[in-house]
Structures are given as C-alpha cells and as structure tokens.
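Peer 1: structure for the following, please:
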Amino acid sequence: MSAATGATHIRAALLNDQHQQLHYHNSTPSPSSRHRPSLPPLPHSPTASPRPRRTPIVYPALLSRVAAAFRARITLADRVKDGLTYTAAFDGRQAVDKLAYIIKTTDRNLALLLGRALDAQKWFHAVTYDHRLRDNAGDLYQFRTGVVSPFVSAETVQVHVQGDAARDKALPVRPGSAVTHNSESPSNEPSTESDGKDAAPRESPSPPPAPAGAAAEEEPLPTGVFTLLTDCYSPTCSRDQLCYSITCPRRLEQQARLNMKPQPGLSSGLADTTNEGKKDSEGEGGGPDLEFVEPGQLWIHSVPQEIVNSVSDSEKKRQEAINEVIYTERDFVRDMEYLRDLWLTPLKTSDIIPEARRADFISQVFWNINDIIAVNTRLRDALNKRQKSYAVVDVISDIFLDAVPHFSPFVSYGAHQLYGKFEFEKEKAANPAFAQFVEETERRPESRKLELNGYLTKPTTRLARYPLLLGAVLKHTPDDSPDKENIPKVVTMVREFLAEVNLQTGKAENRFNLLQLDQQLVFRPGEQVDLRLKDEGRELIFKGALKRRTQGDSGELMVFLFDHALLMVKQKSKGEQYKVYRRPIPLELLFIYADDNSSTNGNSTTRPRTAKTLTKRHSSPYPPAIPIKPEGGGKGNFSITFMHLGRKEYQITLWASTYVSQRKWVESIQRQQEIMRERSAFFEMESLSEGFFVGPVNRVTCAAPFSGGRKVVYGTEDGVYFSDLREMNRDPVKVLALTDVVQVDVLDEYGLLVVLSEGQVITFPLDALDPKDPMAGLKRAKRIASHTSYFKAGTCINRTFVCVVKTSPLSSTIKILEPIDQNVRGRSKPTFRKLLQGGNDTLRIFKEFYIPVQSSSIHFLKTKLCVAGVNGFEIIDPETLDTQLLLDPNDEALDFLRRKGDVPKPKPMAIYRIEHEFLLCYDDFAFYINRNGFRSRKEFMVYWEGTPTGFALHYPYILAFEPTFVEIRDVETGSMSQVIQGNNLRLLFADTPPVAHHGYRASYPTYGAPGHPASAHLPYAQSSYGGRQSLQSVQLGYAPPPAAGYPPQYGVPGGRQAGRDEFIMVSDDRVMTLRMAPLGQRQQ
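Peer 2: Down below sits the predicted model:
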C-alpha cells in the first residue's frame, strides 16, 4: 500500500467520523459547514453489516498531538546495540508500530514518514546520531534531553523531552516535504493548531495525559502540520469534485474516484518522500553490513586486477572485510582529528568561553579525546603500513593484540560522556556566543551535516564495532591462519572493555542524576537531612509519581526509591526544584501496606498462627501489626501506605495509577529491603518456641538460658516452664505453678533458680523441680524478699551477687545477697525441721543500703555497682557503700543532659565497658565517657531511631530493642548495621558481657549503612544538672583485657557464664534466640 493510499483511508475515516458526530450532536449546520458541502458517508457493501472505521487516536495532521500520544505510549527500556547498553531507548520498529497504531493505518511507509517529521525537529535521535528514523528493530533511538535532570515517572518509563527551540526554528523544509512548520507556513494555509481544529474531528478517545512527573516548563513538543493527513485549505473542496489546488491533499483520492490520471505535480513530490522512506527502511535499515560503500573503498578497486583474479572468492570476502576494518579506522581517526582541529583548538584560542572556566569546560566536554586519538593513530598507522606492504593482507590480529590492551581511554571517556553532554547543553543554552559557534561549525562542510553530539558518541560506538568488523574477518579466515586463533582473543578483550564501559557508564549516569537531585532538593526549615546522595555506591532503584487524596492536599508526589531510603517530594513551580514533602524514610524503618482491593476495612489482616513448637529453626519476628488508616477515605484503588517506624513515625497513603504500578512499587521496595537484610545479616535468629505461649494468661514475660545454654527457663503469668533445646519440637514443660512471674534467672554454679513472682523473690533448687508435678517444687521454695521491684544477678569483686531492689518515687533500698554454697565440706546437714520449712538458706545478705532516688536498673562492673536512676548513673562500692555520681557535673560537654522546665530528663538504661571507656545508653541517645566521668569521643553520638525498652551488647555491636524493631549499631562508629523489624518485640534475656576489647574487631566486620551517621540530629537543649562530688579520685576497678584465647563473648574469670552469650527475645507468641551469624554467612 502506498503512502498516498494510506493517507486517503485515514482521511476518509476522519471525515466519516466527523460527519456522524456532527449529524448526531447537532442537526443545524455549523458556520464552517455552510461554506463547504456536507460529507456523505462512505459506501459499503449492501450485504455486509457496516463496520465502524478505525478512527485515529488523535488528529494525525498536527504533529504536537501525535508527539504527545507517541510519548505517552512508547515504552522505554535499557537496550543493547553492538555490545553497548543505552538507557531509556526504543527501536525503530517499535516507533513505527506505535505511530501506525496512533493514526490507525496499516501503511508502515506513511507511519515512517510521520516519524521522520518528528525527528526532523530533533525531538528524538538515533543513539549514534548518524541516521534518521528507520523501520528496523536493530536501530535504537533516544529522546533528546536538555540540561534539566530527567527525573520522571518510571511507571511509564518515560523521560523528559527537551528540545532546542532555536535550532528547531532554523530547520529548513525540503521542497515537496510532507511537513509544513508553523514559522514557514504560507499565508493562505492554516499555520496554527487552532486553525486546524476546525477541520479536525472530535477526538475519540481523548489522548492520554502527559507522563507523570514531567516538568511544567518542559520545552514544547514538535509543531507543524503533516500535510499528507490534513484537510484541504479550500472551503469548496470535497471528495466528489476535483480541487483546483495542485497541492490539495485529497487530490489523489479525488482523481481515483473520478477515474482521472494523476497530475505530475503532486505525485512527484509524494513519490520522492515515499521512495525516501522505502530507501531508508529497506536499504539502510538492513543493518550495519548493508550500508552503502563507495567504489573507491572496496579492496577490489585498490589492487591490480590480476591479484583479484588470483585469489578465491572466500579470500576476496576476507580482504574486503579487512579493508573495511582499515578504512573505517582511518575514518574514525579523521573524525577525532575533526573534533581536535575544529572544536578544541578554536575554543582554546578564542574568547568564546570565558577564560576562568574555559579549561574546565573543554576538559569536561572533550575529556580524554586526545588520548583516544593517540591510541587509534598508532593503530591506524600500523594497519595502513600493513596494507601498503601487502596487496593481500594475511594477518591483522597481531596488530590488534598489541593495540587493544591500550584501549582503557575508551572506558574513561564512555563513563564521562554524560557529564560532557550536560556541560555542552548548559553552555549552549547560557552562552549566545558559544551557541553561534556551534551552529556555524556544524554547518561547515567538514561536519558532514552531523552535529557535535554525533561525533562525541563515536569513541564508544567505534569500540562496539570492533567485534562486528573482526567477526566478519574471522568468518572468512582459513583454519591455518594465525587470525583464526588470535581474532577471538582480540574480540574477547574488546568485549571486556565494552562490559566495563557499560558498567562505568551506568554508575556515572546514576551518580550524575543523584548529584543533580541533591542540588534540587529543598527541605523544610529544621528538617534538613543528609541523604548522602553523593556517597560512592549510592543508587536510584525506582522512581515514579503517586497521588495524594487528602482534603486540601491533593495532587502528585514524586517518589524516589534509593538503595537506602524512600524520598517523597513535590515539584515546585519553577520545575527545577523539589520540595521534600515528608521526612525521608530509611528502608530499614519502612513498613508498607498495599491494599489488594479485597479488604473491607483499612486495617491489615490478622496473621496466621501455628500451634507447633519450632525448636532450633531459623526464624524471624512477626511483621509489625500497625493499624492502617488510609487517608482520603478511599478503599482499594491501588493505594500504598508508607509507615516510618520509630520515634519519628508517621503514615502516609498514596495512590498508584494502575494495579501494575502498585505491584511494581511494592515489589521494588521489598526486593531492596531483602537485599539490605541479606547484606547486613550480622545477627541471625532461631525459633525456640512458637504458638505455645499464647494469650494474656500464658504470655511469656522473661527467660534465661542455663545448663550451658542447653536449657531455657521461661517465666509467664501462669508459672515457670522449662525447655530442653536438645529435644526438638517438644513444647516447654511447666515446673512451677506460680502467678505473675516477671523475672527469672539461674545461678548454674549453685543450682539455684531465682524467681520474682507477685513482688516476692523466691529461690528453688534446680534438682527439686519436677516436670511431672508443678507443685512439688514449691515445697523447696525459699522466700528471700517481698515487695520487690526487680532483682539483678551478676559478678562483682569476683563474687556472685543477687541485688534485690525495692523502689519508691523518692528512694530505693538495695539488698546485696550472696548465694550459699551448699556443697562446702564440713557444713552440717539440714535438720528435718529446716527441710519442712524449705531447706537451708540459699542467699545471705552481704550488704544493704539506701539511696534517695528511684532506681530503674543495676549494672555490675568489675569492682563497683552502677545504679541507674532518675538523676543518672551512680557508682556504689559494694564493700564500703561509698556513692559517687558517674558523670562529672563540671563537664560542659555533658550540658545536653541538663534539661530545664517540663522537658523529661533522659532515662539512663545501660552501661557497657569498651576497652578503657564506658558506653552510656539512655532512652534517647548513647555516648562515651572516660574513667574520670568526662565525655570522650565527642564526635560520637548515637540518637536512637526508636524508643528502646532494653539493650544488649555483643562487641562490636550494641542492640537496642523497641516494640517494632531491633536497632543494631556499631559501637565504634555509631552507624546503623542492621535493623530487625517485628511486632511486640521484647528483650527477655541479655547477660552482662565482659570487657569488650578492640583487638577482636577484625573478626567482626561492620556494615556501615549509608544514611545513618553517628550524629545526624540536632543536639538536645541545655539545662542545669545537679551533681555530687567529682569521680576523679574514684577507681572503678578496670579489668584487664580478656585472657588470650578467650573471645569477648565467652566467659573469662568474672565474666559471662558459658552458654549465656545469646540474647532471647519474643515477638507475640514466637520466642527466639538472637546470635552472631557465622562469618562465612555474612555478605561483606
């Protein structure tokens, strides 16, 4: 089908559709219809039922409408051509398919001509910049981009379309062209879209909206009138009468209906454009091997005829392939010399670019082009010498084996090419003198009608052509030739360089976009956050537009998913800045809920429960069960609720446009979160029990391992349970029928179980507990204290102590108890009366003292006790009962602790010895002090993301437990190393570790997750802080480093008991141990 016939059919469908709509909507003739005859419907077969003609999606004569529809429908993706990866690209076959679909034609030549009308205005271009649109799947194209960063929606995989308006105005129109630009339209023809609308039918269906996220100031789409598909400008023109105008678009249709011979005027011009489309789509579109070769470049024309006749046909093909390698190398070096002589040299020696930034501009745009010229000049000279020495070239692989190892400048150039293009476009837009220089240089004969970008891409495309050219040589090389073995080696080396170019180019493009975005972000006052977008390795995973539906705040938000965080921004009116809408969410603290349209309410569904114990099985906590309240009152409709966990928590519900887009967002986020979990899996979990401790009565409240870690004791509100971890899949067994058990611990060395039940501290001999009779153990119970708030067991001054604490709002009474060794020789046996009363005393009082503050916890140091209270940490000598304030009140570096007014004071919760310093953990933050009570490492400050209820230390990591996640940080840097999300998380057991020693750090590598600096928040307000005497003269009894051969997690004299280096936590009914993962399983 010819282009004219296709245009006739499209015009007929438009006219028929227009006639039907006008007849249906309004029987009164419109003003425009009074000047032209009515349009009768097209004839159809009387026997067949009339089928509606396919109407174009938009009016096909207006290029701006076709361009908008094309951009909305074309799918962009990463495409590979000759081994190079091009981002956001589409192929020629795909483009022609979309254009044919938009204008509803089966004539691909017509669609190709329409596409060329778009690329004539440089709206899109070939990735190599060296040809027009071709109907070929092997040719790739990209939209032209300007200096604005192309941050747009990835849901439709679109990019910003930028253009050069000044260049578009200067585009010449070839005589006989099917396109008429507005600026060059004849006065008697419609020159604007508004004029064309009178002749255009009502668009059905309406064109889709522009891609989400496009800039408001986006340069205009291509404009012009595609005359092959437009109506005639004459008001008297009709389909049944021959129009007087020789350029009437209907003329061929009218002549066909009137059985007239075509006039030569129109058919000539149409034939030119049609033949041009066929030439490019059929001849040039066949691939790189079918390009036209000038006769003088053929090998058979460069050697005597007798030599040509003396070789076989296969050798002729091989010599032609070798000749193509050589002359294309000459052409490439000539093109690079053109860049040097006509661009670099004039720019260096003239004042077109201001001197202050001239050298930097030339370096950024042309980068290491001189290095490439030097490498390829040597290669060209070697190839020319070989060709001049031998009429029939036997070997060329030796030359490439010597040259290819020096191709590293291609990698550096390819990685920097995007920056060069950006600087070039920016300078051209801002510097009129440079823009004029560009226009004049590109019009010179030496440019061969190719713009500068076409030459700047040649180094990378030349590298990609070497495997193709050498492959053609190898195809016709005999087996006994050295090239047969060496050319594959050369191709392999070149492909390695190509792979490196793709890798470095992708990194450079990602980094370039992130740098631009970092400059475009605008934060609210007081909410500045360092996203560290400039960090090496930072990556943009996904981006897109999601909608808000809240009252008074509707509209689109641009959402960026990085490899470490989620960012929501709102584009400002200028189009080049993004206002941060809500605080960025670290992916470790992000929880998402996507409505699947099946739920009738806004809350997340109930998780299934299993009733079987899972012992020693890798597990994880239940995900957080957070009430979801979708904003905007919507149900379903592809909503996604994003939740920021922790003390800065918030919820926001956004809507995707389609179900596919919603799932894409959810899958991308979950995939990246899984990658982060695998990359930072320094701690692993194993399930001890699941589905057993269920309900409010049997809820587990505490736990402790004993018997070398082989058994676990659980405390619940219903009693005390034992579990033997060696007996797989066996439920815990109740051994004591007690109520309201809130604390348990085991003194393995003394065979004692210590329980806090209903405010009473009770001890039980382990050998008296009978799993078959929970009441039997009560007969051997020994009540130690009553009205107890909490107790703590540990080691101090090389003695085992149990501290029993009774607190009130104004004071605390602390009893230091010491277990009695029942196995000491010479001790008298208990009397029958004592047995009836519960046996011998198990704990005896060592010391008892009183402090005038309410305490919350006790911590054991080497020779001192540390009590945490409302006034901070206090140090107590267990032998003399001397009390000292841990922190020096004269240290101004600790002013952030001294809060005034109604601001709650930070709650001290834990203290850990790290070498010769102490790490103090409060509910808000953590910092270091030295032995004198002064703050050390002043650059170190950790602000907890959550609100911790418990802490644990496993050097080099500090773990903070809060109800929705476990926050694991490096104690040396403060950076976030791992986050474990869960529901109703509680720390049940964490033993006090021995002294952590820096010498063991090499065994515990750190994953410093970007986005979590050691101190990235504002300091707390200063306030007064009451103190006591200085601690400078007090020796805290610093223990020496652990003995050789003892890693810091295992027991040394006075250290942690064997088998108690694990942590026990619970998530709802799932009890788990938390331990360091083996080094071989961690991804570095």
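
Peer 1: use CA for all of it now, contacts and neighbours both
Peer 2: Will do.

Peer 1: so, low pLDDT: which residues of the stretch 501-650 of the chain?
Peer 2: Scanning the stretch 501-650 of the chain for pLDDT under 70 picks out 551-552, 573-575, 596-618, 630-636.

Peer 1: ugh, wrong one, the stretch 1-150 of the chain
Peer 2: Within the stretch 1-150 of the chain, the stretches with pLDDT under 70 are 1-54, 145-150.

Peer 1: quick one, strands of it?
Peer 2: All strands of the stretch 1-150 of the chain, identified by DSSP state E, counting those that start in this stretch, fall at 77-81, 84-91, 124-126, 140-143.

Peer 1: just checking: what are the partner strands of the third one?
Peer 2: Spelled out, that is strand 124-126. strand 140-143 (antiparallel) (DSSP bridges).

Peer 1: gap between the strand it pairs with and the chain center?
Peer 2: Strand 140-143 has its C-alpha centroid displaced from the chain centroid by 24 Å (Cα atoms, centre = their mean, to the nearest Å).

Peer 1: list the contacts of Ile103.
Peer 2: Taking Cα atoms under 8 Å, 6 or more residues apart in numbering as the criterion, Ile103 is in contact with 10, 55-60, 111.

Peer 1: how is the protein partitioned into domains?
Peer 2: What automatic domain parsing lists as the domains of the chain is 3-288, 298-516, 685-1081.

Peer 1: can I get the contacts of Ile103 in CSV including distance to Val1066 and neighbour count?
Peer 2: Converted to CSV, the contacts of Ile103 look like this (distance: Cα to Cα, whole Å; neighbours: other Cα atoms under 10 Å):
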residue, distance to Val1066, neighbour count
Ile10, 70, 24
Thr55, 64, 24
Pro56, 63, 22
Ile57, 60, 19
Val58, 61, 26
Tyr59, 65, 26
Pro60, 66, 27
Ala111, 65, 27
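
Peer 1: will you turn those residues into a markdown table that also has distance to Val308?
Peer 2: Below are those laid out as a markdown table (distance: Cα to Cα, whole Å):
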| residue | distance to Val308 |
| --- | --- |
| Ile10 | 54 |
| Thr55 | 59 |
| Pro56 | 57 |
| Ile57 | 58 |
| Val58 | 58 |
| Tyr59 | 58 |
| Pro60 | 54 |
| Ala111 | 45 |
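
Peer 1: picking up where we left off before, would you turn the strands of the stretch 1-150 of the chain into CSV with mean neighbour count and distance to Phe512?
Peer 2: Formatted as CSV, the strands of the stretch 1-150 of the chain follow (neighbours: other Cα atoms under 10 Å; distance: least, Cα to Cα, whole Å):
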stretch, mean neighbour count, distance to Phe512
strand 77-81, 14, 17
strand 84-91, 20, 14
strand 124-126, 22, 21
strand 140-143, 23, 18
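
Peer 1: coming back round to it: quick one: which of the domains of the chain is nearest Lys543?
Peer 2: Lys543 sits nearest to domain 3-288 of all the domains of the chain, at 5.3 Å, using Cα to Cα.

Peer 1: does Ser554 touch Leu546 like I think?
Peer 2: No: using Cα atoms under 8 Å, Ser554 is not in contact with Leu546; the gap is 10.6 Å.

Peer 1: give me the neighbour count for Leu753.
Peer 2: Applying other Cα atoms under 10 Å, we find 21 residues neighbouring Leu753.

Peer 1: likewise Gly224?
Peer 2: Applying other Cα under 10 Å, I find that Gly224 has 23 neighbouring residues.

Peer 1: next: Ile816.
Peer 2: Residues lying near Ile816 (other Cα under 10 Å) number 21.

Peer 1: next, it: secondary structure please.
Peer 2: With DSSP: H, G, I helix; E, B strand; the rest coil as the basis, Ile816 sits in strand.

Peer 1: state the pLDDT value of it.
Peer 2: What the model reports as pLDDT for Ile816 is 94.

Peer 1: now Ile626: phi and psi?
Peer 2: When read as degrees, to the nearest 10, the backbone of Ile626 gives phi -110, psi 130.

Peer 1: contacting residues for Gly555?
Peer 2: Taking Cα under 8 Å, 6+ apart, we find Gly555 in contact with 547-549.

Peer 1: against Thr641, how distant is it?
Peer 2: 16 Å (Cα to Cα, to the nearest Å).

Peer 1: how about the longest helix along the chain: buried residues?
Peer 2: Criterion DSSP state H: the longest helix present in the chain is helix 482-520. Within helix 482-520, the residues scored as buried using 16 or more other Cα atoms under 10 Å are 483-484, 486-488, 490-491, 493-495, 497-518, 520.

Peer 1: I'd assumed Ala565 was in contact with Arg538.
Peer 2: No: applying Cα under 8 Å, one finds Arg538 not in contact with Ala565, separated by 10.3 Å.

Peer 1: these two: who's more crowded?
Peer 2: Neighbour comparison, Arg538 and Ala565: the larger count goes to Ala565, with 21 against 18 (by other Cα under 10 Å).

Peer 1: contacting residues around that one?
Peer 2: 531, 584-587, 1011.

Peer 1: and if we set it to 6 Å?
Peer 2: By Cα atoms under 6 Å, 6 or more residues apart in numbering, the contact set of Ala565 is 585-587.

Peer 1: what's the closest non-adjacent residue to it?
Peer 2: Leaving aside its chain neighbours, Ala565 sits nearest to Pro586 (4.2 Å; criterion: Cα to Cα, 6 or more residues apart in numbering).

Peer 1: same check on Leu474?
Peer 2: Of all residues beyond its chain neighbours, the one nearest Leu474 is Lys484 (6.3 Å), with distances taken as Cα to Cα, 6+ apart.

Peer 1: please apply the same query to Glu945.
Peer 2: Gly646 (5.5 Å).

Peer 1: now the one you found, what's its secondary structure?
Peer 2: Taking three-state DSSP, the label given to Gly646 is coil.

Peer 1: got it, and Gln319?
Peer 2: Strictly by three-state DSSP, Gln319 counts as helix.

Peer 1: count of neighbours near it?
Peer 2: For Gln319, using other Cα under 10 Å, the count is 24.

Peer 1: also Lys388?
Peer 2: When counting by other Cα under 10 Å, one arrives at 10 neighbours for Lys388.

Peer 1: any idea how far it lies from Phe801?
Peer 2: The value you get for Lys388 to Phe801, if Cα to Cα is used, is 96 Å.

Peer 1: can you check Arg783 too?
Peer 2: Taking Cα to Cα, one finds Arg783 at 17 Å from Phe801.

Peer 1: just the pLDDT for the closest residue to Asp821 other than its chain neighbours.
Peer 2: Nearest non-adjacent residue to Asp821, counting by Cα to Cα, 6+ apart: Tyr750, 6.2 Å away. Note on Tyr750: pLDDT of 89.

Peer 1: same question for Ala768.
Peer 2: Ala768 is given a pLDDT of 87.

Peer 1: what is the burial count for it?
Peer 2: The tally of other residues near Ala768 (other Cα under 10 Å) stands at 16.

Peer 1: state the phi and psi torsions of it.
Peer 2: Torsion angles, degrees, to the nearest 10, at Ala768: phi -100, psi 0.

Peer 1: taking the mean pLDDT, what do you get for stretch 699-710?
Peer 2: Stretch 699-710 shows a mean pLDDT of 90.

Peer 1: quick one: buried residues of that stretch?
Peer 2: For stretch 699-710, burial by neighbour count (16+ other Cα under 10 Å) applies to 699-707, 709.

Peer 1: what does it contact?
Peer 2: The contact list for stretch 699-710 (Cα under 6 Å, 6+ apart) reads 693, 711-716, 725, 742-743, 745, 988-989, 1058-1059.

Peer 1: counting neighbours, which of the residues you listed comes out on top?
Peer 2: Neighbour max across the contacts of stretch 699-710 (other Cα under 10 Å) = Gly715, 30 neighbours.

Peer 1: Glu848 touches Glu818, doesn't it?
Peer 2: No: counting by Cα atoms under 6 Å, Glu848 stays clear of Glu818, with 11.7 Å between them.

Peer 1: who has more neighbours out of those two?
Peer 2: The residue with more neighbours, out of Glu848 and Glu818, is Glu818; 18 against 15, by other Cα under 10 Å.
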